[in-house]
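Asks: Got a sequence here, can you model it:
(one chain, ligands or ions: 2)
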Amino acid sequence: MLIKSRANDNKSSISPEDLLKDIHKGYIAMSTMAPAADGKVTGLLAATFTPFTAQGEVNLSVIGPYVDYLTEKQGIKGIFVNGTTGESMSLSVAERKLLAEAWCQRAKGRMDNVIIHAGCMSLKDSQDLARHAADIGADGIAVISPSFFKPRTAESLRKFLQEVASAAPALPFYYYQIPSLTGVNVPVRDVIEDIEKLIPSFRGVKFSGSDLLDLGQCVSYSQPRWSILYGVDEQLLAGLAMGANGAVGSTYNYIGRYVNQLISAFETGDLIRARTIQFKIQELLGYAIKLGFDLGVNKQLMAKVSGLFLGPPRLPVMPCSPAHAQLIAEKYHGIFV
Ligand SMILES: CC(=O)N[C@H](C=O)[C@@H](O)[C@H](O)[C@H](O)CO
Ligand SMILES: CC(=O)C(=O)O
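Replies: Ligands and ions are numbered 1, 2, ... in the order given. I've put the predicted structure just below:
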């Protein structure tokens, strides 16, 4: 499908040389999403929720069954730990280390990729978590921009990222952009300009914004070893069309297997099918957003769908009432039968 659409742009048939060039440029989705032998991250990663006890303490005992659920029931082969969904910014550094370790241990041999989010308000804490991720054998680290004192320029943000990455120089490094939560709106394309000169371990971006101009410019600038991972689940198909190599999201915890079908449909050029699945996801999330959808609701929905005990979210995020979660779970089961 993509070969055709490109061929329509400027020529009627495509030579093997041009085909190869297109593969390198990322025009051909199949090559970008196929399992990568070079360690490049592709496909779906679930951004994990952090299990708490009913009293709000980190509950490591759920992590084993959680990995079972993701691999066996959702076809998920990659996880993104201690991110937004994992409530990282509400956890202590010590808790984040315990969680990172447990996820790495439990996912060993079962997941292709375990990326640990190491971003904090404090550079020192971020470096500590980056070093720790390297020690425990994570496959990569991602770092979000500080958001209390916000970097005002790409330059200051790049310096911050460089300092964190230098604490774990051997570990693939991803910049995690999520402007709706950080309030940092520096275009990602500016952040990644010549970034390998500053961060030799740089391997890509987790792009959780809806600015498709910026996303497209990141994809077209992306280097062969990099992965541009899209993070707005409601509009993943748009991200794929723009050339994202994979996706990281909270909803892939409970709709991963349908989203894998969306990706396959996209890869084989069946846009109608890909859209049908995307529209179902939009129906679910549109409904949830109308009722009020935040991390507390999302966590409870995952608990209901998976049967895992995830506990409440941590304050200031409020727990979701059982009735509220029940309505959304019913909608889920009505849509994804
Ligand atoms: C703001 C936020 O949490 N974004 C997540 C990832 O980045 C997404 O996975 C969303 O949770 C998802 O798109 C549902 O809105
Ligand atoms: C959704 C996501 O990527 C995160 O939880 O960080």
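
Asks: C-alpha from now on. contacts and neighbour counts both.
Replies: Fine.

Asks: Any idea which residue is closest to the centre of this protein?
Replies: The geometric centre of the chain, computed from its C-alpha atoms, lies nearest to Val248 (C-alpha atoms, centre = their mean), at 1.9 Å.

Asks: and that one, what helix or strand is that in?
Replies: Val248 is part of strand 246-249 when elements are defined by DSSP states H and E.

Asks: what about that strand and ligand 1, any contact?
Replies: Yes - Strand 246-249 comes into contact with ligand 1 (C-alpha under 6 Å from any ligand atom), by way of Gly249.

Asks: Spit out the contact partners of Arg275.
Replies: Shown in contact with Arg275 (C-alpha atoms under 8 Å, 6 or more residues apart in numbering): 237, 262.

Asks: roughly how far apart are it and Ala241?
Replies: Distance of Arg275 to Ala241, computed by C-alpha to C-alpha, to the nearest Å: 11 Å.

Asks: need the contact list for the residue in the stretch 201-337 of the chain that ligand 2 sits nearest to.
Replies: For the stretch 201-337 of the chain, the nearest residue to ligand 2 under the criterion C-alpha to the nearest ligand atom is Gly249, separated by 3.9 Å. By C-alpha under 8 Å, 6+ apart, the contact list for Gly249 reads 45-47, 231-233.

Asks: For it, report the pLDDT, please.
Replies: Gly249 is assigned 98 on the pLDDT scale.

Asks: for Ala47, same thing?
Replies: At Ala47, the pLDDT value in this model is 98.

Asks: do Gly239 as well
Replies: At Gly239, the model reports a pLDDT of 98.

Asks: Send me the strand holding Val248 as PDB with only the CA atoms.
Replies: Provided in PDB are the C-alpha atoms of strand 246-249 (Å, rounded to 0.1, in the frame of the first residue of the first chain):
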ATOM      1  CA  GLY A 246       6.100   1.500  17.400                       C
ATOM      2  CA  ALA A 247       4.000   2.700  20.300                       C
ATOM      3  CA  VAL A 248       4.000   3.000  24.000                       C
ATOM      4  CA  GLY A 249       0.800   3.500  25.800                       C
END
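
Asks: Distance check, Ile335 against Ala303.
Replies: To Ala303, Ile335 is 18 Å away according to C-alpha to C-alpha.

Asks: Of the two, which one has the most company?
Replies: Ranked by neighbour count (other C-alpha atoms under 10 Å), Ile335 and Ala303 place Ala303 first, with 19 against 13.

Asks: wait, the more buried one sits on Pro312?
Replies: No - with contacts counted by C-alpha atoms under 8 Å, Ala303 stays clear of Pro312, the gap being 10.0 Å.

Asks: buried ones in the helix or strand harbouring Ile263?
Replies: Using DSSP H and E, Ile263 sits within helix 252-267. For helix 252-267, burial by neighbour count (16 or more other C-alpha atoms under 10 Å) applies to 252-260, 262-267.

Asks: Up against ligand 2, what does the stretch 151-300 of the chain have?
Replies: Taking C-alpha under 6 Å from any ligand atom as the contact definition, the stretch 151-300 of the chain meets ligand 2 at 231, 248-250.

Asks: Which two of the residues you listed have the greatest separation?
Replies: Across these, no pair lies farther apart than Gly231 and Ser250, at 8.6 Å, counting by C-alpha to C-alpha.

Asks: residues in contact with Met44?
Replies: Let me fix one detail, which is that residue 44 is Leu and not Met. Taking C-alpha under 8 Å, 6+ apart, we find Leu44 in contact with 76-78, 246-248, 252, 256, 260.

Asks: Could you point out the helix or strand that follows the helix or strand hosting it?
Replies: Secondary structure assigned from DSSP H and E places Leu44 in strand 43-47. Using DSSP H and E, the helix or strand that follows strand 43-47 in sequence is helix 63-68.

Asks: Contacts for that following helix, please.
Replies: Helix 63-68 is contacted by residues 51, 102-103, 106-107, 308 when judged by C-alpha under 8 Å, 6+ apart.

Asks: go with 6 Å
Replies: Under the criterion C-alpha atoms under 6 Å, 6 or more residues apart in numbering, residues Arg106 lie in contact with helix 63-68.

Asks: Which positions within it qualify as buried?
Replies: 63, 66-68.

Asks: In this protein, what residue comes closest to ligand 1?
Replies: Here the residue of the chain nearest ligand 1 is Gly249; by C-alpha to the nearest ligand atom that distance is 3.3 Å.

Asks: Show the residue spans covered by the helices in the stretch 201-337 of the chain.
Replies: 212-221, 236-241, 252-267, 271-291, 295-306, 322-335 (DSSP state H, counting those that start in this stretch).
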